[in-house]
Structure formats: structure tokens, C-alpha cells
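Student: Structure for this input, please:
(chains A and B)
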There are 2 protein chains.
Amino acid sequence: MCKALAIDIGGTKIYNTVINDKGEIVADIEKRATPKTFEEIEAAFRDIISKYEDEVDVVAISTCGAVNNFNNGILGSTGNIAAGYPNMNFASLSKKKVFVENDANAAAWAEHVIGASRGLSDSIMITLGTGVGGGIIINNKLFKGKNGAAGEMHFKLRTDKHRKCTCGGWDCFEAYASGTGLKKTAEEISANPDITTYDVIEGWKNNDVLMTKIFLKWQEDILAGLIGLANLFDPEVIVLSGSMAEFVDTDYLTKAVNDEIITTPTAVVKAKSGNYSGMIGAALLALEERDDGQG
Amino acid sequence: MCKALAIDIGGTKIYNTVINDKGEIVADIEKRATPKTFEEIEAAFRDIISKYEDEVDVVAISTCGAVNNFNNGILGSTGNIAAGYPNMNFASLSKKKVFVENDANAAAWAEHVIGASRGLSDSIMITLGTGVGGGIIINNKLFKGKNGAAGEMHFKLRTDKHRKCTCGGWDCFEAYASGTGLKKTAEEISANPDITTYDVIEGWKNNDVLMTKIFLKWQEDILAGLIGLANLFDPEVIVLSGSMAEFVDTDYLTKAVNDEIITTPTAVVKAKSGNYSGMIGAALLALEERDDGQG
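Tutor: Numbering: from 1, shown residues only, chains lettered A, B, ... in the order given. Down below sits the predicted model:
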């Protein structure tokens, strides 16, 4: 059976494990903090790869940032990581083939193959974490656009330059729907610069009036984005994943989206492929591409 | 040579002509006002079709509203036309096959075959008129979504329920980027409820300070939408068509979009397939489908 060394790199953590072509995790999951410099990140990759490359068929990296259509390099800026990171030469990191995919695209693929959008031809997956990621499946294929960068959830929810986004632009969906966005919304509504996401979630769980108001404003901003996506893509399902997704009310969001869209009814659901969906999706894509290449 | 009777129905006008399989207009272009009731619209269709159906191979209707993937019926609400219109039984209108496509999808196809996005695999066309239409080409195919309704330009530019959209929702791109949107923006900025789109365009052309401020706010709202679309779709080109498109500065929009997006560079250009692109695109699609059907 073919296996991939799977690595997931985000703004704060690097994970790695080994995954087979059924999407099963077949080794321990290791984790370390994402280093602050390009050189340290490259050294971390080399450290992980040197340990496992002899026992796998391919290296599959699920990464923050937009990835090109050749699946070997980063295209755009990535707000939460060392500035030089987009220049990483991934192919040079291993004697085995190194396959790279955007983490949200990879997670969307995992949901499509083994998760909440399994068996559906058209779906959108949105990762709500520190930031926001997006992966779009059209006609059972990962939608990449002309160069591979499609599916970036950076469309504006305001036009008055109210809140800067990590992408360098203003007022993107990510700046409101992310965990970071929830904290900023909380700061604005509570006028308390020290308020945390944890404060909001705990307060909302305990029916605190102010915290509930903040939480619901955050959820309405997510809803606003989902309505636009459903009108643009007419998907069968919108899958929400990531650490912040567990708190949203998908039954409410499904009803509210369907009440407003002019396309056909969709469903908002939670992801099912687990915490390591980025690694699983990247591994499945890398092993599938390797099969195609040998084809 | 195969020919289609082409009909374009919008909120204010119905056009018709005959178009061959090269996209050439081969009859006079007739026009009438769109009637106010379902029965009168149906009578207008029957009147046009009875006159031409014996001399064409297919009837191709370019219509407002989202059209299903069978190209024979309307899916969603259509804000600018008689309320019963979505129930129209198009097939019953003629003894020839009646092919229906959304007007903006049809126009996007005309641009793809004979216009500004010719030869490009991934493009978005946006019609800026009384309302806003959208058509998206992905991998040289019209993108329709799971049921045919994809490409509706109803994503929100605000989340504070500031301006009602014709779709029934709030603060859609259409509500700001359309000609109607320009009038509403003008009313808000000038505090004059009687101001017209014509006043703004004429004032802007003559360097009137207030009218220029209004015009530029409208153009910035269009820019905000284009940035989101470029980040979601990573298209090779965004084509602007419709009566309001002639006024926008596509060189400025191209630069401003590329300055902010995190996907790869795109271009904002004006449409080239002319005023009757909806009829041309619908005819080309109808004749192509007919060819496919005949094998």
C-alpha cells in the first residue's frame, strides 16, 4: 500500500504523520511550533523529512498560502508566517517527490473523499480558525482557477476600510469570520481591548447578554459571507471546519442562507474528517497524482 | 447554415432577431417594452415566435433570472419583472425546441466565443445595467453549479442592512454596482431624492466636484466586488458589459484589483461582443447544444 509523509504547516504549528491511500493515519502525530524565520522553517521541514522519507512514497505538504497548479510552490502572500516563506523551494527538501497544496484545499478534498461532502459533486469548505481558509469542489474536482490560487475567502464584507485583513487588504470575510475576527468584533462591541475569544465563547455559553450579542454578530458576519458564496457557486453543501466551527449553529445558518439566496437550496454542515483533514487531503491528492503519473 | 430565433427579455425591454451559428445577426432587430403581467409577456413571446419559428432551427431565449441546467425553466426570483414570470413554460411556446439561458450567462458565452475573453479558459463577465448580471467561464465551460443558478452577483458589500436589493436580500453587489445602485448612492451623498444617473454621469464628465465624488464611490464599490471575485475565482480576465460599463476606468480597476488580491494578476476589460451579446450567446449555446444532440 502507498503511503505519504504528511506535513501540515500553519501560522502557529507544524504537524506531521504518515497517511496511507485510504486516508488512514498510520503513524504517530508529531507537532512543533512554527518557527519565526524562513531558515528555521526550512530546517524543520528537513528534520521531519529526513526521518521519514525512506519509508514513504511521496511527501505531501498541506500549507497556509495559495499554491500553484504544479503543486510545488506558493503563489501569494501568507499573512501569518515568516515573510520569506513564499520563496520556499519545496522540491529541494526531499529525494522523494514533494507535493504541496493549500491547507484549506487539502481539507476540502478530505471532506469530499471521506467527510461531510462525500458523494456530492459541488461543495465549498470553509475553515474557521485563527484565519479563514477555503476550498471549492466543482464537478468532483478541486477548483484551482487559472494558476491554482482560487478559493481564497478574501471578499469584502464592508467597503469603508474599517478593518485591515492579514492579506494586506481591507474588510475581507476572513477579517470578520475568523477567530481573530471574533476578537476584533468583541473589542469593538465591548470597548475592552483585552477581551479574548475565550471570554466571548464562555460568556455566550453562560448566556451573558453582551457576550451573546458579540457571538451572534460574529455568526451573522459568517452568514453574510455564506449567502454570497451560495449565490455565486450554487453548491450542494457548505462545510464548516476548524477550531471555531464547533460553536456555530449550522441549522440556523442553513435556514438563514436558504431564506435569502436566489440560487437553489443548500445546506451548511460541520466537517467530519477530523482535526488532521489538511494532512489527509494533501496525502490523498499526492498519492492520487502519483498514481495518475504512473498511469 | 443553422439559425436561431433569438429573444432577449429583461425588466424593461424584449428584443428579438435571427442569429446564425457564427454568431452573426441575420435579420432586423425588433424591440418592444416588457409587459407588466405574466399573460402579456407570454403573449409577446408567442407573437414573436409565431412570426419566425418556421424559418429557424431553434428558439434561443436570453432571460433575466437564474435558469436551470436543463435550459428550459427559471429557478429563482427575478426582481425586475412580473411576479409570475418564473413559472413560464418555455417549451410550450413553440413547436421548435426552446432553449433558455440566463442573459448574463449567455453574454459571457458570447464574450468567450467572439468577444473580450476569446481564447481564455477562465473568465468572469459582469453586466452593469439597470441591475447586475454575472456569467462565469471555468475551463472553457459555462459554470452553472449544481442546478444551473451559479454566477449570481448577489454577495454582500455591507452587513448592516443598509440597502435592500431587488433579490429580496440586503446590500448585494448588485444594489451598489448597478445603475440603480448609482442612483441610490447619489441620493445618499447628495441628499437629493430626485437626482438621476444621468445627472451624475453628466456632472462627472464636466468635473463637477459632488458628481465626481458620487461617481468614484460607485466605482469603488464595483472595485470592492471585483477584488472578492478575483480572490475567489483567480480568473484570467474580468469582462465588464452593459450600459453602465462604458463609464468605468478599466485601467484603474485592473491596477487596483491587482494591488490588493492574493491570487494571481488579472485584467479588467470592457466587453466586445456588442449590445446584443445575450441574444448572440443564447443562440450560440442553443445551436451548439442542438449539434451535440444530433451527435
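
Student: hang on, residue A:104 packs against residue A:136?
Tutor: No. Counting by CB atoms under 8 Å, residue A:104 does not reach residue A:136; the two are 9.3 Å apart. Glycine gets a C-beta too; all of them are placed from N, C-alpha and C.

Student: How about residues contacting the helix or strand residue A:17 falls within?
Tutor: Counting by DSSP states H and E, the element that carries residue A:17 is strand A:13-20. With CB atoms under 8 Å, 6 or more residues apart in numbering or on different chains as the test, strand A:13-20 has contacts from A:1-8, A:25-34, A:41, A:44, A:48, A:52, A:55-56, A:60, A:276, A:279-280, A:283-284.

Student: I'd like to know which elements whichever helix or strand comes after that strand is packed against.
Tutor: Later in the chain than strand A:13-20, the nearest helix or strand by DSSP H and E is strand A:30-33. Applying 3 or more CB pairs under 8 Å, 6 or more residues apart in numbering or on different chains; DSSP states H and E, one finds that strand A:30-33 contacts strand A:13-20.

Student: Next, the buried residues of the strand it packs on.
Tutor: For strand A:13-20, the neighbour count (16 or more other CB atoms under 10 Å in any protein chain shown) marks A:14-20 as buried.

Student: Let me know the secondary structure of the spatially closest residue to residue A:19 that is not a sequence neighbour.
Tutor: In this structure, residue A:19 finds its nearest non-sequential neighbour in residue A:283, 3.7 Å apart by CB to CB, 6 or more residues apart in numbering or on different chains. Secondary structure for residue A:283, judged by DSSP: H, G, I helix; E, B strand; the rest coil, is helix.

Student: Surely residue A:283 and residue A:24 touch.
Tutor: No. Counting by CB under 8 Å, residue A:283 does not reach residue A:24; the two are 9.6 Å apart.

Student: Looking at those two, which one has more neighbours?
Tutor: Per other CB atoms under 10 Å in any protein chain shown, whichever of residue A:283 and residue A:24 has more neighbours is residue A:283, with 36 against 13.

Student: In contact with the more buried one, which residues are there?
Tutor: Neighbouring residues of residue A:283 by CB under 8 Å, 6+ apart: A:4, A:6, A:19-21, A:23, A:60.

Student: What confidence value was assigned to whichever residue of the stretch 1-150 of chain A sits closest to chain B?
Tutor: Going by CB to the nearest CB, chain B is nearest to residue A:145 of the stretch 1-150 of chain A, at 2.6 Å. Per-residue pLDDT puts residue A:145 at 91.

Student: what do you get for residue A:101?
Tutor: Looking at residue A:101, its pLDDT stands at 96.

Student: now swap in residue A:66 and tell me
Tutor: As predicted, residue A:66 sits at a pLDDT of 85.

Student: Equivalent analysis for the one 4 residues further on, please.
Tutor: Residue A:70 is assigned a pLDDT of 93 by the prediction.

Student: go on, residue A:79?
Tutor: 66.

Student: what's the answer for residue A:166, then?
Tutor: Listed pLDDT for residue A:166 reads 87.

Student: Can you point out the buried residues in the helix or strand bottoming out on mean pLDDT in chain A?
Tutor: The weakest-scoring helix or strand in chain A, judged by mean pLDDT, DSSP states H and E, is helix A:277-294 (a mean of 86). Neighbour counts over helix A:277-294 (16+ other CB under 10 Å) mark A:277-287, A:289-290 as buried.

Student: Save the residues you listed as JSON lines, and put in distance to residue A:211 too.
Tutor: Below are the buried residues of helix A:277-294 laid out as JSON lines (distance: CB to CB, whole Å):
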{"residue": "A:277", "distance to residue A:211": "29"}
{"residue": "A:278", "distance to residue A:211": "30"}
{"residue": "A:279", "distance to residue A:211": "34"}
{"residue": "A:280", "distance to residue A:211": "34"}
{"residue": "A:281", "distance to residue A:211": "34"}
{"residue": "A:282", "distance to residue A:211": "36"}
{"residue": "A:283", "distance to residue A:211": "39"}
{"residue": "A:284", "distance to residue A:211": "39"}
{"residue": "A:285", "distance to residue A:211": "40"}
{"residue": "A:286", "distance to residue A:211": "42"}
{"residue": "A:287", "distance to residue A:211": "45"}
{"residue": "A:289", "distance to residue A:211": "46"}
{"residue": "A:290", "distance to residue A:211": "48"}
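
Student: about what we covered before: list the residues that contact both of residue A:104 and residue A:136?
Tutor: By CB under 8 Å, 6+ apart, residue A:104 and residue A:136 have these common neighbours: A:125, A:151.

Student: Which one's more surrounded, these two?
Tutor: Remark: of residue A:104 and residue A:136, residue A:104 carries more neighbours, 29 against 26, as counted by other CB under 10 Å.

Student: now the helices for chain A?
Tutor: A:38-52, A:103-114, A:173-177, A:179-190, A:197-205, A:209-233, A:250-260, A:277-294 (DSSP state H).

Student: Okay, buried residues for the fifth one please.
Tutor: For helix A:197-205, the buried set under the neighbour-count rule, 16+ other CB under 10 Å, comprises A:197, A:199-201, A:203-204.

Student: Could you find the closest non-adjacent residue to residue A:244?
Tutor: In space, residue A:244 is closest to residue A:128, 3.9 Å off (CB to CB, 6+ apart).

Student: Name the residues linked to that neighbour by a beta bridge.
Tutor: residue A:132 (DSSP bridges).

Student: circling back: among the helices of chain A, which one carries the weakest average confidence?
Tutor: Among the helices of chain A, helix A:277-294 scores lowest, with a mean of 86.

Student: Mind checking which residue lies nearest the centre of chain A?
Tutor: Taking CA atoms, centre = their mean, the centroid of chain A lies closest to residue A:104, which sits 3.0 Å from it.
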